[in-house]
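Q: Okay, sequence plus prediction incoming.
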Amino acid sequence: NAGVMQNPRHLVRRRGQEARLRCSPMKGHSHVYWYRQLPEEGLKFMVYLQKENIIDESGMPKERFSAEFPKEGPSILRIQQVVRGDSAAYFCASSPGGQGYNEQFFGPGTRLTVL
Amino acid sequence: GQQVMQIPQYQHVQEGEDFTTYCNSSTTLSNIQWYKQRPGGHPVFLIQLVKSGEVKKQKRLTFQFGEAKKNSSLHITATQTTDVGTYFCAGPSPFGQNFVFGPGTRLSVLP
């Protein structure tokens, strides 16, 4: 029973390029959360999705960032025209239920470095 | 919006000493969860507390949820080097369907 998978594990981009981060939730989980973590800091909520729906995107910058969780395939966090400040670890977590009532299972994260 | 605070930010203990981290929310929580993140790793769920005044134990770890459901604590008895990591409390925001993590308490255990 595979856990939450994220790829790539490490991603290097130059300023202005696009970054695509993928997250495959645990089997049977239809709720996905994305978080950003700067070095030595806590986890900042970005977006909460269910299959084909964005439930809460209050933590995601309105420009350059977007997220989706299609009916088939992984959830994708997309960052357009990356800047150095986007460098961080991005974690996704999946849950069998939503609204914060269930344990979240985290993936290994994608470490994004913007040169 | 909701704020979740944790103290202390850092704690250095000698192996065998006890450790406690405290979590405080600006709003009442429907439940609170605790996670541990090892250096270089990802957060791992430890426990969820739901009821006012609830106390749960996992071996050397004791978790408490305050009567007002706005604060919580994690106590580790006789720390071991395997306890090293950052401990986060987290809870659902009452203002939406997002999830708020505290800033974490980083524990170092000296052998």
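A: Perfect, thanks for sending it.
Q: Need the phi and psi values for A:Asp86.
A: Dihedral pair for A:Asp86: phi -80, psi -10, per degrees, to the nearest 10.
Q: what do you get for A:Gly85?
A: phi -70, psi -10.
Q: Identify the residues contacting it.
A: A:Val114 (Cβ atoms under 8 Å, 6 or more residues apart in numbering or on different chains). C-beta here means a position set from N, CA and C on the backbone, and glycine is covered the same way.
Q: Would you mind listing what in chain B touches chain A?
A: Contact residues, chain B versus chain A (Cβ under 8 Å from any Cβ of the partner chain): B:30-31, B:33, B:35, B:41-45, B:48, B:88, B:90-93, B:96-104.
Q: Generate a PyMOL selection restricted to the buried subset of the residues you listed.
A: In PyMOL syntax, the buried subset of these is picked out as below (16 or more other Cβ atoms under 10 Å in any protein chain shown):
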select buried, chain B and resi 31+33+35+42+43+45+48+88+90+91+92+93+96+97+98+99+100+101+102+103+104
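Q: Number of residues surrounding B:Val50?
A: By other Cβ atoms under 10 Å in any protein chain shown, the residues close to B:Val50 number 14.
Q: which residues does it contact?
A: Neighbour list for B:Val50: B:30-31, B:65 [criterion: Cβ under 8 Å, 6+ apart].
Q: now swap in B:Glu67 and tell me
A: For B:Glu67, the contact set (Cβ under 8 Å, 6+ apart) comprises B:52-53.
Q: State the helix or strand in which it lies.
A: Per DSSP states H and E: B:Glu67 is located in neither a helix nor a strand.
Q: Look up the pLDDT of it for me, please.
A: pLDDT recorded at B:Glu67 is 95.
Q: So for the chain, the centremost residue is which one?
A: Picking chain A for this. Nearest to the centroid of the C-alpha atoms of chain A, with distances taken as Cα atoms, centre = their mean, sits A:Trp34, at 3.6 Å.
Q: was after chain B, sorry
A: Closest-to-mean residue, chain B, Cα atoms, centre = their mean: B:Cys89 / 4.0 Å.
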